[in-house]
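Chemist: Mind folding the following:
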Amino acid sequence: MYASFLNRLKAFILDYILIFLYLVLLAIINVFLFPSLQNLFSGSLIIAQLTGFLMVTLPVSIYFIVSDSKIVGQSFGKKKIGIRVVGPNGKPASVLRSTCRIILKFLPWELSHFLVYRLAYIGDGAVPVAYYLIGGLIYLLMFIYIGTAIFTKKKQSLYDQLTKTFVVKN
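Modeler: Numbering: from 1, shown residues only. As a prediction, the model looks like this:
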């Protein structure tokens, strides 16, 4: 039986609690223990983007890749809700399949980071048309991901369809 969008959302909210706790820990480390790390965000745009990726996106992605693949089998949230990610054979997704799935799943998130860094950099200056297009792409992907998870027969989001994964009830 395929997991509903609501079950997937509940699982993600529970996982996001862990992500939020990680972000709080990261903020404490950046502000109180190693305040010089903040300098990485105020200089070069590329260094700021790379630092954000290495400190936030990469660890969160690794969490989901490892937990949703055959290494662990379920993320914290999915375990609590009673769902899991499987490959086309019904077995836990391989690490490679899980990696591809998470890259696609978090593409709007990382594009948002990309856009925020650039918008902060231009300040009050004119916003290039390309930035509006990136913003539109972010929302388009989000709506497609949510819509396909709600309305497709197998409750697969676009990133699940592309990676041949399914979120199923235990």
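Chemist: what residue is smack in the middle of the chain?
Modeler: Centroid check for the chain by Cα atoms, centre = their mean gives Phe106 as the closest residue, at 3.3 Å.
Chemist: and that one, what does it touch?
Modeler: Residues in contact with Phe106 (Cβ atoms under 8 Å, 6 or more residues apart in numbering) are 57, 60-61. Glycine gets a C-beta too; all of them are placed from N, C-alpha and C.
Chemist: Find the nearest non-adjacent residue to Val60, please.
Modeler: Spatial nearest neighbour of Val60, chain neighbours left out: Ile19 (5.6 Å); criterion: Cβ to Cβ, 6 or more residues apart in numbering.
Chemist: sorry, back to before: and which of the contacts of Phe106 is nearest to Ser75?
Modeler: Using Cβ to Cβ, Val60 comes nearest to Ser75 of the contacts of Phe106, at 10.9 Å.
Chemist: and that closest one, what helix or strand is that in?
Modeler: Using DSSP states H and E, Val60 maps to helix 58-68.
Chemist: So which elements touch that helix?
Modeler: Contacts defined by 3 or more Cβ pairs under 8 Å, 6 or more residues apart in numbering; DSSP states H and E place helix 58-68 against helix 5-28, helix 76-81, helix 95-105.
Chemist: gap between the last one and the chain center?
Modeler: Okay, so that is helix 95-105. Taking Cα atoms, centre = their mean, to the nearest Å, one finds the center of helix 95-105 at 10 Å from the center of the full chain.
Chemist: How about the first one?
Modeler: With Cα atoms, centre = their mean as the basis, helix 5-28 stands 11 Å off its chain's centre.
Chemist: Also the shortest one?
Modeler: Its chain's C-alpha centre lies 16 Å from the corresponding centre of helix 76-81 when counted by Cα atoms, centre = their mean.
Chemist: Use 45 as the first number for this chain going forward.
Modeler: Yes, from this point I'll number from 45; that puts the last item at helix 120-125.
Chemist: and after that helix, which helix or strand comes next?
Modeler: strand 127-130.
Chemist: again with the first one
Modeler: Scanning forward in sequence from helix 49-72 by DSSP H and E, the next helix or strand is helix 89-96.
Chemist: still on that earlier bit, quick one: the helices and strands packed on helix 102-112 as CSV, columns for mean pLDDT too.
Modeler: Compiled in CSV, those are given as follows (pLDDT from 0 to 100):
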stretch, mean pLDDT
helix 49-72, 97
helix 120-125, 98
helix 139-149, 98
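Chemist: can I get these in JSON lines with mean neighbour count and distance to Ile190?
Modeler: Listed next are the helices and strands packed on helix 102-112 as JSON lines, based on neighbours: other Cβ atoms under 10 Å; distance: least, Cβ to Cβ, whole Å:
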{"stretch": "helix 49-72", "mean neighbour count": "14", "distance to Ile190": "7"}
{"stretch": "helix 120-125", "mean neighbour count": "20", "distance to Ile190": "17"}
{"stretch": "helix 139-149", "mean neighbour count": "19", "distance to Ile190": "12"}
